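Trainee: I'd like to go over a predicted model; first the sequence, then the structure.
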Number of protein chains: 4
Amino acid sequence: MNIEKSGRAAALEEEVRAFVATHVYPAEAVFHQQLAAASTRWSIPPVMEELKLKARAAGLWNLFLPEHEKGAGLTNLEYAALCEIMGASPIAPEAFNCSAPDTGNMEVLARYGTKAQQDRWLTPLLAGEIRSCFAMTEPEVASSDATNISCTIRREGDEYVIDGRKWWTSGASDPRCKIAIVMGKTDPTGPKYLAQSMVLVPMDTKGVEVVRSLQVFGYDDAPHGHAEVVFRAVRVPVENVLLGEGRGFEIAQGRLGPGRIHHCMRLIGLAERALGLMCRRAEERIAFGKPLAEQGALRHDIARSRIEIDQARLLTLDAAHAMDTRGNKEAKKRIAMIKVVAPSMALGVIDRAIQVHGGAGVSQDFPLAYAWASARTLRLADGPDEVHLESIAKQELAEQRRSARS
Amino acid sequence: MNIEKSGRAAALEEEVRAFVATHVYPAEAVFHQQLAAASTRWSIPPVMEELKLKARAAGLWNLFLPEHEKGAGLTNLEYAALCEIMGASPIAPEAFNCSAPDTGNMEVLARYGTKAQQDRWLTPLLAGEIRSCFAMTEPEVASSDATNISCTIRREGDEYVIDGRKWWTSGASDPRCKIAIVMGKTDPTGPKYLAQSMVLVPMDTKGVEVVRSLQVFGYDDAPHGHAEVVFRAVRVPVENVLLGEGRGFEIAQGRLGPGRIHHCMRLIGLAERALGLMCRRAEERIAFGKPLAEQGALRHDIARSRIEIDQARLLTLDAAHAMDTRGNKEAKKRIAMIKVVAPSMALGVIDRAIQVHGGAGVSQDFPLAYAWASARTLRLADGPDEVHLESIAKQELAEQRRSARS
Amino acid sequence: MNIEKSGRAAALEEEVRAFVATHVYPAEAVFHQQLAAASTRWSIPPVMEELKLKARAAGLWNLFLPEHEKGAGLTNLEYAALCEIMGASPIAPEAFNCSAPDTGNMEVLARYGTKAQQDRWLTPLLAGEIRSCFAMTEPEVASSDATNISCTIRREGDEYVIDGRKWWTSGASDPRCKIAIVMGKTDPTGPKYLAQSMVLVPMDTKGVEVVRSLQVFGYDDAPHGHAEVVFRAVRVPVENVLLGEGRGFEIAQGRLGPGRIHHCMRLIGLAERALGLMCRRAEERIAFGKPLAEQGALRHDIARSRIEIDQARLLTLDAAHAMDTRGNKEAKKRIAMIKVVAPSMALGVIDRAIQVHGGAGVSQDFPLAYAWASARTLRLADGPDEVHLESIAKQELAEQRRSARS
Amino acid sequence: MNIEKSGRAAALEEEVRAFVATHVYPAEAVFHQQLAAASTRWSIPPVMEELKLKARAAGLWNLFLPEHEKGAGLTNLEYAALCEIMGASPIAPEAFNCSAPDTGNMEVLARYGTKAQQDRWLTPLLAGEIRSCFAMTEPEVASSDATNISCTIRREGDEYVIDGRKWWTSGASDPRCKIAIVMGKTDPTGPKYLAQSMVLVPMDTKGVEVVRSLQVFGYDDAPHGHAEVVFRAVRVPVENVLLGEGRGFEIAQGRLGPGRIHHCMRLIGLAERALGLMCRRAEERIAFGKPLAEQGALRHDIARSRIEIDQARLLTLDAAHAMDTRGNKEAKKRIAMIKVVAPSMALGVIDRAIQVHGGAGVSQDFPLAYAWASARTLRLADGPDEVHLESIAKQELAEQRRSARS
């Protein structure tokens, strides 16, 4: 990509890349060994806290945060390049305190939180001392249509009373997770886009129960995990509302743009890693008298993977740059486009890499099967492909009408 | 499909279908609960042995076996239809004593085993008392090219001494698994297709070690599992060779044809189940004011799934019929074709079904994610797509040359 | 395909195949030379009439006609195999008096025509002395929805007065075309499926004007052609109605099933020819030191083409057999399925063949570019893919509901 | 795209866009009418010369030429944006004296031509008074491998004697075509990449014969056309060699980079036009009670088209920028990538647009069928997809090896 970067951004890129190569990749196996050896899968492998200390010491910390005294002050475009590098390892983002859903939650607190909310929750989150979760999706309804959300947040005196069942509340099972942002209806019969609010719910509040862990293609994603959480008559003070009653949608909208760019860039990093593994394997394995890398169809697969990765990267960086220079609203169509493109691209590249690895590709011996499973969820999370395609079509038809009239 | 079936085959089809609906589907959840409650994942849930008793009592037993006094005597075409029905549930084939790799092993023993080999191993296998495994694939080499196999079977007096490392030896971790068929080189420098032999190795032989369980995506497939097995100076009597030294390839060839038809038909059954789930979900879930089933793009997905399933079924039945009427060799190209078609078809249909299910689709709440992972391995197992495509192309080019000359 | 054929059908297959190889293929170049040398492109190359004489003399004539004293009496399944052979050459079907739209028109006349209508039009059509056209599609409306048809057929005394503009009236420019079957509204305000009628309109009736010839890509398809035809106050006697007023839909439905099978089988024949050409070219052309046929990706293309052709053929024969044994209505879903599958399959196979031929592939030197253009129209003619997918989805959802309830 | 453009480039973009809208689109129908009315298809419709006068008067002339006193001095990136706009109409590039193959020929003459060569040929070409052709591809060999070229250029005293048969010599049939650049072997037994030379051959030289016009899917592309040209003992003075004997490959390499960018950007313009037509048609046509634009599957098609166009544009602009800033060699992989991406993207988008237009889409009533046919040739011209994929794979594998070592 040809857009000029600031010297600082370019330097950070090199530092993050070196850190991942030197510290993170070697820690992956350790992480899994420590987790396997622990008494419960919901405990934090010590290597993770060591990585965090190192990253923080190196100044590679909270890089995602754009507009806060504690943030790195990078543009979306600049941070996107770092996201790609971090995305190549499932344990890298947390090492830099840049992992979802905390990044989104910290941004929301930084942007919309009161001083008291920030002191209580943002400060320890930025310090990497606690973690957080985001409780939005529900099992009983098609959450692709956010107006379906049925959790209720009822005001009773100075308190909100929350009742609902959420799932895919990622990170809720992490023992360090102390705070949830919960989305629900404060005004169920009100105007559609003003019906919802977001409130802060400490995880140790009475009535909050993590009922089970959801698998993703057999993976439990421990110790982070994807929880089903029940809220039964959970009471929090009204001060815990974010930004104000009825502004849940507004916050969700602001949160989603950067989050999608991060997801997409991480997927590009994942795809790059898969392509690297694919090329290496293809050169090492011999079948029918020659390396796999000399088979024509496989070479086409390599070429197509390179093309698809580069196209997805350019589109995502273009969306990031549009956010930086024209704002979230102008970038909306582009963000919907990358959200459709990046997961499918990554799935295709990773799948080809799996195929070249034979049985090893679907096993725990390579990061490919897990990468595929992760990427697959992103055709669903943050809106399924179908919702984004519909949104792109709507905007395109409107623009074409305008252009035909002019 | 329009080919006439015998009355008996049609009756069996109805009986198997009813058995699966009545007994197997309700047992799926029980199976997983019992497994989760067991002290080890390598123990057999009691419900499985109950299902086996019921199926045997109902005469729905060893249906796969074509040409043996104890076999059902069905043609490949007739058995294929039963395979489809069994394929819809991961636990169904075993209930009928029709699960891989035992079916292939039993066929090999029935066709090529000596009386002594049959008495010792085939009889308890047919009775469902023990299970077996097939040790062919190796981690160190591209097993898609079978001449790469490096396990050695060295004759020393009246014994063979076996040294090698195998993996994807499915079922080796099952506590009931008592016998392995091992493929290796008895004549490493001999002619390529005469270098290999198959020998029977009791699992309790000294030097046989199941070193670990391989995952498929995040699934361990317990209690069946996919094992890595090391053979260290394992000694068996020379009587344990199958058919004779140097005839490993020959046996493998004969084994693979029916096995591939079974795999493909089971995949078709799996895809049918996914399509059924997809339709149901699409009619139940409401988004943006209407059931998902009224969305045009989803309807196209349903239609394409129906088309792809029916095309795969016709091709597979056509291959089965060719085997029945023209023999394995004549059916070779057709079998390569179905081996390419069926897994990709199933993956596509299941993936669409997952998408309609949202997050639930990738989780343990529906059989879809597991089905996808299973189907994915079949683009690799029994020869990766690439090997079959190459084989089809070779035959096609040869046929076209012949036809151009005539 | 494994369904038993009558001896007569098998014999016809051999005869038609031999006739095409011996007489038709060599005539293709002659046909184009004679057409190019003629004073107008709307004249009949003499070689065509010679082919017809030969085919008729050989008893290979009107093979499509199932249930008439003059018909060959073949089942749909049996005739389908002949259609495939004829489909390989654009000039073959007419040589056997088996070309669209005459086949459909002759069937309609044979099934629904009065004695007088048959004497006047069916007899010379069956003799190959005249040709006919079918005027249904209109330029001003989306004809995929047949209720959109706006041509009016107004009764005035003993006459119908027809006003409308039709296009894609194939064959109307052929100098031998003497009769049109015109679809229009006799009861514009009546119930949707009773509003339309079909009437016979001699091409020399006053007010009938062929206004221009439509191209398919750059081809005019002369001397058959695709005409835009205007009907201005055209008067025909009321005896010219087919089957009765308001029965246009009913006739159209009956006509479409067999016609779609013929189209699909011809596409399969076309795809087979393309694959044959592709294999030959791949073996002859040398690039980078070896024949193209040794390039792995191209070999995969050959294999995939073989798979797709065979799958499409099995599905189409299955649909034909369903029509034979269960009737048009039962076969409806299958026919929609083949109508989606066959054109796309053919387009894919032909496109790969074009690619292997390089520049020659898109030119007049090989039949590939023309074959592609013809196949492309069949994703639109007789209902676009979208209409058929919708129809399959509707039936599938209904069947799944029924099966879930049972 | 976010790269800053010079004010002049931005202004030119607006001017070219306005010129195309105001003058070129309305001239399209006129062009075809004048051609149809002419006595021969190889005559120039007067409207073209009028357009050229207007464009030249408006200063929109020779915009492609980068580094010459008469050139517009635009970077590849800047000119690429203009190419997109021109690409939307098949007659636009010539109006601006920016059409292939003249642009490439003019660049070659400007960069490598002697003063005498420039005076004689470049000057009238830049003035739009004559046209030129490029004779490289040959019918008898796979020209994807340029070492296959068999035309001989034998030195005899002060002359070269040229013997060979070329085809796809686009523009050779244009009555204004006065000069050909011919590629052939001056040293057939010499080192592979030094065997070829390019010589200037005036079209009126004795022995040059345009033997026929090649069709592209039925289109003759008159009056430009694609000619088969025979060179029989054609003699030109040795001064007519370009750059020197044995430097044909070198010139071809330099020529291809920018030419591919132009082709790709024009394809993007073509795809944009198709998408615009598709949206308009979808909103206007009613089927089954609602506009086509309300059908979900079609909306997905619109969204996917937008995504694919934007991805292709970003990749092409990125390649253009790489050429500007890092040179042709560094940009080589990127250029191979766009050459694979852009034609397939355009074919996909145009095909969907055709489908929405029904029968009209394949006819002469819309520019879609012709656009498709043009785009299809670009999966073959300037190297078929397969050659570029191979080249990308080779570079990718080399880069991965380097990166693994570092």
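Mentor: Okay, I see it.
Trainee: Within its sheet, name the partner strands of the host helix or strand of residue A:236 and how each one runs.
Mentor: Residue A:236 is part of strand A:226-237, with elements assigned from DSSP states H and E. Strand A:226-237 sits in its sheet next to strand A:159-170 (antiparallel), strand A:208-214 (antiparallel), going by DSSP bridges.
Trainee: and the closest residue to chain B within chain A, how many neighbours does it have?
Mentor: Chain B sits closest to residue A:218 of chain A, with a gap of 2.8 Å, by C-beta to the nearest C-beta. For every residue, glycine as well, the C-beta is placed using N, CA and C. By other C-beta atoms under 10 Å in any protein chain shown, the residues close to residue A:218 number 21.
Trainee: wait, which of the strands paired with strand A:226-237 is closest to residue D:397?
Mentor: strand A:159-170 (37.0 Å; C-beta to C-beta).
Trainee: If we go by neighbour counts, what in that closest one is buried?
Mentor: A:160, A:161, A:162, A:163, A:164, A:165, A:166, A:167, A:168, A:169, A:170 (16 or more other C-beta atoms under 10 Å in any protein chain shown).
Trainee: does the third one have beta-bridge partners, and which?
Mentor: Taking DSSP bridges, one finds residue A:153, residue A:234 as the beta-bridge partners of residue A:162.
Trainee: The residue of chain A most remote from its centre and residue A:295: what is the separation?
Mentor: Distance from the C-alpha centroid of chain A peaks at residue A:289, with 43.4 Å (C-alpha atoms, centre = their mean). Shown here: residue A:289 relative to residue A:295, a distance of 11 Å by C-beta to C-beta, to the nearest Å.
Trainee: Next: residue A:268.
Mentor: For residue A:268, the distance to residue A:295 - C-beta to C-beta - is 26 Å.
Trainee: More neighbours: those two, which one.
Mentor: residue A:268 (31 against 22).
Trainee: Help me confirm that that one comes into contact with residue A:314.
Mentor: No - counting by C-beta atoms under 8 Å, residue A:268 stays clear of residue A:314, with 10.1 Å between them.
Trainee: how far away is the residue farthest from the centre of chain A from chain D?
Mentor: Counting by C-beta to the nearest C-beta, to the nearest Å, the gap from residue A:289 to chain D is 19 Å.
Trainee: helix, strand or coil for residue A:327?
Mentor: On the three-state scheme (DSSP: H, G, I helix; E, B strand; the rest coil), residue A:327 is labelled helix.
Trainee: Mean confidence (pLDDT) on the strand holding residue A:236, please.
Mentor: Taken as a whole, strand A:226-237 carries a mean pLDDT of 98.
Trainee: Name the next helix or strand following that strand along the chain.
Mentor: helix A:248-284.
Trainee: is that following helix anywhere near chain B?
Mentor: No - using C-beta under 8 Å from any C-beta of the partner chain, helix A:248-284 never reaches chain B; the gap is at least 9.5 Å.
Trainee: Spell out which parts of the stretch 301-406 of chain A neighbour chain B.
Mentor: A:354-355, A:358-365, A:369-370, A:372-373, A:376-377, A:379-381, A:384-386, A:389.
Trainee: residues touching the residue of chain A found nearest chain C, list them.
Mentor: Nearest residue of chain A to chain C: residue A:296, at 3.0 Å (C-beta to the nearest C-beta). Residues near residue A:296 by C-beta atoms under 8 Å, 6 or more residues apart in numbering or on different chains: C:295, C:296, C:297, C:298, C:299, D:390.
Trainee: Secondary structure class of residue A:174, three-state.
Mentor: coil.
Trainee: That one touches residue A:224, doesn't it?
Mentor: Yes - shown here, residue A:174 and residue A:224 form a contact pair, counting by C-beta under 8 Å, at 5.6 Å.
Trainee: how close does residue A:334 sit to residue A:325?
Mentor: Distance, residue A:334 to residue A:325, by C-beta to C-beta: 12 Å.
Trainee: of these two, who's got more company?
Mentor: Using other C-beta under 10 Å, the more surrounded residue of residue A:334 and residue A:325 is residue A:334, with 24 against 13.
Trainee: can you confirm that one is in a strand?
Mentor: No - under three-state DSSP, residue A:334 falls outside any strand and is assigned helix.
Trainee: burial of the residue lying closest to it once chain neighbours are set aside, as a residue count?
Mentor: Leaving aside its chain neighbours, residue A:334 sits nearest to residue A:319 (3.8 Å; criterion: C-beta to C-beta, 6 or more residues apart in numbering or on different chains). Neighbours of residue A:319 under the rule other C-beta under 10 Å: 28.
Trainee: same thing with residue A:237?
Mentor: 12.
Trainee: any idea how far it is from residue C:46?
Mentor: Residue A:237 is 97 Å from residue C:46, by C-beta to C-beta.
Trainee: swap in residue A:30?
Mentor: 85 Å.
Trainee: Residue A:361 now?
Mentor: Taking C-beta to C-beta, one finds residue A:361 at 63 Å from residue C:46.
Trainee: Those two - which one has more neighbours?
Mentor: residue A:361 (25 against 12).
Trainee: so the more buried one sits right up against residue B:379, yeah?
Mentor: No - the criterion here is C-beta under 8 Å, and residue A:361 misses it with residue B:379 at 10.0 Å.
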